[in-house]
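J.: Here you go, sequence then predicted model.
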Amino acid sequence: MKRYLLLLFAAVLFSGCMTVKMQKPTVKNYQRVLAMENLTPVTVEQLRQLIAADTTHYKVVVLTSSCCGPCELAMRDVYPRKMAECDSSQVCWYFVETDYSSAQYMDEVFRRHGITSPRYWINDTLPQYRPLMVKNMWTVVWNLIWHYGASFEDLGLVEADNRLDNVVNAIAPQQPITGPNGTPTTVMLDPQGRMKCTYTIYNDSTAMLEPTDIRYITVPVTALDYTRVDTLSYAPKVCTPDGKCE
């Protein structure tokens, strides 16, 4: 999947299209984002401490990417509605760009959807949280064209494995999860720091313990039972002729 995304980046570069938001995992872009005043860089440990220090609010941590279509839809359709369900004295929201390569668009996305919460982005060099970084985008394009089929490591492109899993497990270590499905990922915690989780069974029978997705809950954040793990199954049911299905 990563390789296909990078090929898409290459296609956008060659096309000269300037309207598509594109992740730019370059040193130059890192320096640009680091200088943006409205974005606060945090290590994963700093983010964990920030959230753990608040023992009076429910917390919603939104791990997002400004280059992600579903993330933008959630910014437009879900988060403002969920914010309106509860008073700000009850729930504290943390919007966190997963890394610098897309953070440059964060202010623009927030303005478009009227979200005024503080903005953070993960700036961490520990191996388990390290984002992809290259000298420039042409390095990515060159490697993909001339060394197509090689591994990321052989191409000289290094990124942490299971990075999002590692971030979530650092934020809420009491309940280790096994499968965020990418951005957006929401981590909802009660004032005691307990994370709301869902045990998801997919149609191929694989099962994962995941942070409950705020896009699919029908009650306010404060009304969830954080001591209970819900089960969500997409597995097809087998029905007998008498109408019983399992």
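T.: Okay, I see it.
J.: hey, let's count contacts and neighbours off CA atoms from now on
T.: OK.
J.: quick one: low-confidence ranges for the protein?
T.: By pLDDT under 70, the weakly predicted segments of the chain are 1-20, 135-144, 146-159, 181, 237-238, 240-241, 243-246.
J.: residue ranges of the strands in it, please?
T.: If you assign secondary structure with DSSP state E, the strands in the chain sit at 39-42, 58-64, 91-97, 119-122, 185-189, 197-201, 207-211, 230-233.
J.: Determine the set of other helices and strands touching the first one.
T.: Pointing back at strand 39-42 there. Helices and strands in packing contact with strand 39-42 are listed as strand 119-122; criterion 3 or more C-alpha pairs under 8 Å, 6 or more residues apart in numbering; DSSP states H and E.
J.: Paired strands for the strand it packs on, with orientation please.
T.: Next to strand 119-122 in the sheet, as set by DSSP bridges, lie strand 39-42 (parallel), strand 91-97 (parallel).
J.: neighbouring contacts of stretch 219-227?
T.: Contacts of stretch 219-227 from elsewhere in the structure, counted by C-alpha atoms under 8 Å, 6 or more residues apart in numbering, are 58, 82, 85-86, 90-91, 188-190, 194-197.
J.: could I get these as a markdown table with neighbour count and distance to Cys67?
T.: A markdown table is the format used below for the contacts of stretch 219-227 (neighbours: other C-alpha atoms under 10 Å; distance: C-alpha to C-alpha, whole Å):
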| residue | neighbour count | distance to Cys67 |
| --- | --- | --- |
| Tyr58 | 23 | 28 |
| Lys82 | 16 | 22 |
| Glu85 | 14 | 27 |
| Cys86 | 15 | 28 |
| Gln90 | 13 | 30 |
| Val91 | 20 | 26 |
| Met188 | 26 | 23 |
| Leu189 | 27 | 26 |
| Asp190 | 21 | 29 |
| Arg194 | 19 | 30 |
| Met195 | 29 | 26 |
| Lys196 | 25 | 26 |
| Cys197 | 24 | 26 |
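J.: Pick the one among those residues closest to Asn38.
T.: When the contacts of stretch 219-227 are compared for distance to Asn38, the smallest value, 21.6 Å, is given by Val91; criterion: C-alpha to C-alpha.
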